[in-house]
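> only geometry, no sequence info:
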């Protein structure tokens with residue numbers, strides 16, 4: 001068959017980790033991938049298991065939290081992007097977390113630390129999660145309203161985890177937000193007024209990473225060891241139509257043949 005529009009597209013989807021409703025996120029993202037019948041997705045819970053599958057993949061999409069990778073796998077991920085492929089990274093993909101007990105404190109006083117244990121992975125992604133304030137409404141700003149990825153997207157409010165990041169190298173920022181204050185419960189809790197990327201490109205070689213920090217989700221049974229039954233169901237940006245627009249456009253970008261090509265199928269905000 002010589003019709004490129006009918007060519008199969010192979011995706012690797014890594015989804016898993018801790019403290020999130022991965023069943024919900026997995027299902028929602030798989031439904032979006034299924035909107036293009038050409039996409040065949042292989043699903044994995046961690047990067048090391050997915051490494052071999054990357055060799056035949058056309059693009060990578062990830063929704064993880066506190067999932068690390070061996071040095072060999074980090075190098076494979078970097079080579080995947082540098083070689084011309086695309087990685088659409090969502091929410092907690094850039095997280096490395098550990099819980100610390102303050103001196104004289106008890107279990108309820110645990111602090112969340114963000115150790116810099118995977119520098120190659122985070123440099124490939126372009127950022128590492130450091131902290132977030134308590135979930136509350138905040139404004140997401142459109143940095144590049146003329147960009148095809150953001151056609152029809154205007155500034156919007158969401159209640160989500162506002163990611164405070166350490167960034168690496170030059171980022172092409174599409175969306176951002178502003179924050180000043182305290183990230184309660186985190187080791188690095190005090191933050192001066194600054195703008196933080198919410199969606200950005202990080203080019204590498206012939207390929208690129210597209211990162212979107214939005215999309216926290218948690219159900220009743222996703223905090224084992226902390227709460228047998230978590231009282232709140234948190235869906236955050238998943239409740240917004242604009243979030244699904246960004247997800248669709250990111251998937252369109254990931255499967256497109258050129259680095260910054262406009263997403264072909266999702267030009268309307270729904």
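Cool, got the structure. Nothing here was measured: the structure is a model prediction, and the numbers come from that model. Residues are numbered from 1 along each chain as shown.
> can you get me a residue count around residue 111?
16 (other C-beta atoms under 10 Å). Using the backbone N, CA and C atoms, a C-beta is placed for each residue, glycine as well.
> contacts only, for it.
Listed by C-beta atoms under 8 Å, 6 or more residues apart in numbering, the contact set of residue 111 reads 99-102, 185-187.
> closest to residue 165 out of those residues?
Using C-beta to C-beta, residue 186 comes nearest to residue 165 of the contacts of residue 111, at 12.7 Å.
> that closest one bridge partners, please.
residue 112 (DSSP bridges).
> would you point out the most distant pair within the contacts of residue 111?
Largest separation among the contacts of residue 111 by C-beta to C-beta: 101 and 186, giving 14.0 Å.
> so residue 32: helix, strand or coil?
helix (DSSP: H, G, I helix; E, B strand; the rest coil).
> that one and residue 249 touch, don't they?
No - counting by C-beta atoms under 8 Å, residue 32 stays clear of residue 249, with 10.5 Å between them.
> circling back: out of the contacts of residue 111, which end up buried?
Buried by 16 or more other C-beta atoms under 10 Å: 186-187, out of the contacts of residue 111.
> quick one: least confident of the contacts of residue 111?
Within the contacts of residue 111, residue 102 has the lowest pLDDT, namely 68.
> if we can go back for a sec, just the closest of the contacts of residue 111 to residue 214, please.
Checking these one by one against residue 214 (C-beta to C-beta), the nearest turns out to be residue 186, at 18.8 Å.
> check the gap between that closest one and residue 162 for me.
12 Å (C-beta to C-beta, to the nearest Å).
> quick check: neighbours shared by these two?
Joint contacts of residue 186 and residue 162 (C-beta under 8 Å, 6+ apart) are residue 132.
> residue 204: neighbour count?
20.
> same question but for residue 177, I mixed them up
21.
> what do you get for residue 230?
Residue 230 sits with 17 neighbouring residues when counted by other C-beta under 10 Å.
> wasn't it part of a helix?
No - Residue 230: not assigned to a helix; according to three-state DSSP it is coil.
> tell me the contacts of it?
218-223.
> chain center to the least confident helix or strand in the chain by mean pLDDT: distance?
Within the chain, no helix or strand scores below strand 98-100, which has a mean of 93 by mean pLDDT, DSSP states H and E. Here the centre of strand 98-100 is set off from its chain's centre by 22 Å, with C-alpha atoms, centre = their mean, to the nearest Å.
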